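[1] give the three-dimensional model of this entry:
(4 chains)
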There are 2 protein chains.
Amino acid sequence: MHDLDDSLLAHLPPFSLLSGEDIRDILNQSRTRLVPRGASVFREGDNATTFYLLLDGYVRVERLTQDGDRVIPLHIPPGQLFGIAAALGKETYPATAVAASDCVALEWPMRLWTKFADTYPGFATETYKIVGARLEEVSRRVMELATQRVEQRVACALLTIANQSGKQTASGLQIEFPLTRREISEMTGSTLHTVSRLLSVWQTDGVLVSQNKRICVLDIARLKKLAHAANVA
Amino acid sequence: MHDLDDSLLAHLPPFSLLSGEDIRDILNQSRTRLVPRGASVFREGDNATTFYLLLDGYVRVERLTQDGDRVIPLHIPPGQLFGIAAALGKETYPATAVAASDCVALEWPMRLWTKFADTYPGFATETYKIVGARLEEVSRRVMELATQRVEQRVACALLTIANQSGKQTASGLQIEFPLTRREISEMTGSTLHTVSRLLSVWQTDGVLVSQNKRICVLDIARLKKLAHAANVA
DNA sequence: GTCAAAGTTTGTGGAAACGCAAACTTGCCT
DNA sequence: AGGCAAGTTTGCGTTTCCACAAACTTTGAC
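    This next block holds a predicted model:
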């Protein structure tokens, strides 16, 4: 069925406690889904019929306010489950998932989630660790939004993404998916104008380079300073 | 052991699917804990040795930023489990829990959480619904902080609390625990000064009455308008 | 290669909300 | 009852950052 290498999954949290046989079993019930950049995997409010494991690429989680403003609470890096509404007793997806870059994901019918959780020891536990981490991240964002200035929030957001999904290159830490000023503003509760101004300054200061939606952090230490103590610097 | 009425628990989410016998079983392993207003149940970073069910009163969840600013992401109403770090695979509590009013809680050693989840069908599921709802609420707060002005955020915060924990009285919807301007500002990412000004205006407009940390909402409809469309009003 | 669409940069004014400060009220403890 | 601590109100100057606007650049489609 699947020519996917089992060992590819073996080290991922939800499967790390399972035997090779169990993993193969789970894999055999999955389907592969390719999602081109910009396409949505599912939308907020849709019936939650499927859950996913992101193999490659990055997924952007979006929500719309009543006024039509878009907010991006977090990004999902490869190797994580997402769309696991059933694990939280939800019938519909609480947010929209959009491919931030071309994505490869495995998908299963949602009813299998319960089965997997019951059948395979550790599957549920490991999944809930992801939920916990996500709750932690969203909660951290609340703190940032509540106490920090825009400059610090933008620096924080870039740091988080660079750490989570940055690729070390010769010149610096490259963020692996395209990221527009607008998107950064939607992550930080700001405007694309303000973000543009900030990035311009940072670029001339040599903290980062940005072109064609690609951002490369040159000076992590400096960015950290901006994130935490712009007032002190 | 416990002269608590089982039926008191029978309708609460984590127990709603259990038999009377199972509930009695769980109750027999619990201890009662009284927490006076202002005291903390546990602190951020503490070893997560115990989980709780809030029977009466309200618990305020607090976190401290690196700069020493306090943030209040949510309040826990009676009937909910809290401190369930184990359910999210955490070894330590991710936040501090403080009694917003005098509280009565049941407590269990954390290791029993896993046992209950394994033994009693529905216990885990129902717990995770609470986690889901909490994730939802924190995420909604991110949206508010990212897109709304202070006035709307404060109105939202009061609405949420009034709906969640308001008691209908002759004059209006009374918030059942003391709430200072400072606390409201820590919930909304604002300052006590700004909150004070807002409440003053609202009081003279007859939207609410506030004295001695007690807030009573007189005109819910008007507060809703302020929450969502202060610009339209 | 051309054109439209999408994204970025930059300027200017203005409003929202903070920071500081000082007076005032209320509740609580001894 | 008095005094202290905690909470509130209000004024004023200042900063941050948004809103509007307009030019510019880049990308991708045909």
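[2] does the spatially closest residue to A:Gly45 that is not a sequence neighbour have beta-bridge partners, and which?
    Spatial nearest neighbour of A:Gly45, chain neighbours left out: A:Thr92 (5.3 Å); criterion: CB to CB, 6 or more residues apart in numbering or on different chains. Where C-beta positions appear, they are placed from N, C-alpha and C, glycine not excepted. When bridges are called by DSSP bridges, A:Thr92 pairs up with A:Asn47.
[3] what about A:Thr92, distance to B:Tyr120?
    27 Å (CB to CB, to the nearest Å).
[4] ok, now which ones touch A:Thr119?
    Counting by CB atoms under 8 Å, 6 or more residues apart in numbering or on different chains, A:Thr119 touches no other residue.
[5] what does chain A put close to DNA strand C?
    With CB under 7 Å from any atom of the strand as the criterion, chain A meets DNA strand C at residues A:180-182, A:192-193, A:196-197, A:199-200, A:203, A:210, A:213.
[6] do that again at 10 Å, thanks
    Residues of chain A found near DNA strand C (CB under 10 Å from any atom of the strand) are A:38, A:146-147, A:149, A:178-185, A:191-201, A:203-204, A:210-215, A:231.
[7] now, which of those lie within strands?
    Mapping the residues of chain A next to DNA strand C onto strands (DSSP state E) picks out A:210-211, A:214-215.
[8] now the closest residue to A:Asp205 other than its chain neighbours: which helix or strand?
    Spatially, and ignoring its direct neighbours in sequence, A:Asp205 is nearest to A:Arg222 (7.4 Å; CB to CB, 6+ apart). Per DSSP states H and E: A:Arg222 is located in helix A:220-229.
[9] is there any residue in that helix that contacts DNA strand D?
    No. Helix A:220-229 is not in contact with DNA strand D by CB under 10 Å from any atom of the strand; minimum separation 11.5 Å.
[10] buried residues in that helix, which are they?
    Across helix A:220-229, burial judged by 16 or more other CB atoms under 10 Å in any protein chain shown covers A:220, A:222-223, A:226-228.
[11] A:Gln168: which of the residues you listed is nearest?
    A:Ile220 (10.5 Å; CB to CB).
[12] who are the contact partners of that closest one?
    A:159, A:162, A:172-173.
[13] for it, give me the pLDDT.
    Note for A:Ile220: predicted pLDDT of 94.
[14] would you mind measuring from it to chain B?
    A:Ile220 is 18 Å from chain B, where distance means CB to the nearest CB, to the nearest Å.
[15] what about that residue, distance to B:Leu192?
    Relative to B:Leu192, A:Ile220 is positioned 36 Å away (CB to CB).
[16] one more: A:Ser40?
    According to CB to CB, A:Ser40 stands 42 Å off from B:Leu192.
[17] ok so, going back, tell me which of A:Thr92 and B:Tyr120 has more neighbours.
    B:Tyr120 (19 against 13; other CB atoms under 10 Å in any protein chain shown).
[18] domain ranges for chain A, per the record?
    Here the domain parsing of chain A from the TED database is A:6-144, A:149-228.
[19] so is the helix ranked longest in chain A next to chain B?
    What stands out as the longest helix in chain A, according to DSSP state H, is helix A:123-147. Yes. Against chain B, helix A:123-147 shows contacts by CB under 8 Å from any CB of the partner chain at A:124-126, A:128-129, A:131-132, A:134-136, A:138-139, A:141-143, A:145-147.
[20] what angle separates that helix from helix B:123-147?
    20 degrees (axes from the mean of the first three to the mean of the last three CA atoms, to 10 degrees).
[21] helix A:123-147 packs against which elements?
    Under the contact criterion of 3 or more CB pairs under 8 Å, 6 or more residues apart in numbering or on different chains; DSSP states H and E, helix A:123-147 touches strand A:70-76, helix A:111-119, helix A:150-165, strand B:70-76, helix B:123-147.
[22] report the angle between the axes of that helix and helix A:220-229?
    Compare the direction of helix A:123-147 with that of helix A:220-229 by the same axes, to 10 degrees and you get 70 degrees.
[23] now helix A:123-147: buried residues?
    The neighbour-count check on helix A:123-147 (16+ other CB under 10 Å) flags A:123-128, A:130-132, A:134-135, A:138-147 as buried.
[24] and the contacts of the helix or strand of chain A with the lowest mean pLDDT?
    The least trusted helix or strand in chain A, going by mean pLDDT, DSSP states H and E, turns out to be helix A:7-10, with a mean of 77. By CB under 8 Å, 6+ apart, the residues outside helix A:7-10 that reach it are A:15-16, A:18, A:20, A:23, A:27, A:53, A:55.
[25] if you set the cut-off to 6 Å instead, what comes out?
    A:15, A:23 (CB atoms under 6 Å, 6 or more residues apart in numbering or on different chains).
[26] give me the angle between whichever helix or strand comes after it and helix A:111-119.
    Using DSSP H and E, the helix or strand that directly follows helix A:7-10 along the chain is helix A:20-28. On the basis of the same axes, to 10 degrees, helix A:20-28 is oriented at 170 degrees to helix A:111-119.
[27] now the element after helix A:20-28, going C-ward?
    Going down the chain from helix A:20-28, the next helix or strand is strand A:31-35, by DSSP H and E.
[28] and that next one, anywhere near DNA strand D?
    No. Judged by CB under 10 Å from any atom of the strand, strand A:31-35 makes no contact with DNA strand D; its nearest approach is 15.8 Å.
[29] give me the sheet partners of that strand and which way each runs.
    Strand A:31-35 pairs in its sheet with strand A:103-109 (antiparallel), by DSSP bridges.
[30] tell me the angle the strand it pairs with makes with strand A:70-76.
    Going by the same axes, to 10 degrees, strand A:103-109 makes 90 degrees with strand A:70-76.
[31] does DNA strand D sit close to strand A:103-109?
    No. Strand A:103-109 stays clear of DNA strand D (CB under 10 Å from any atom of the strand), getting no nearer than 16.5 Å.
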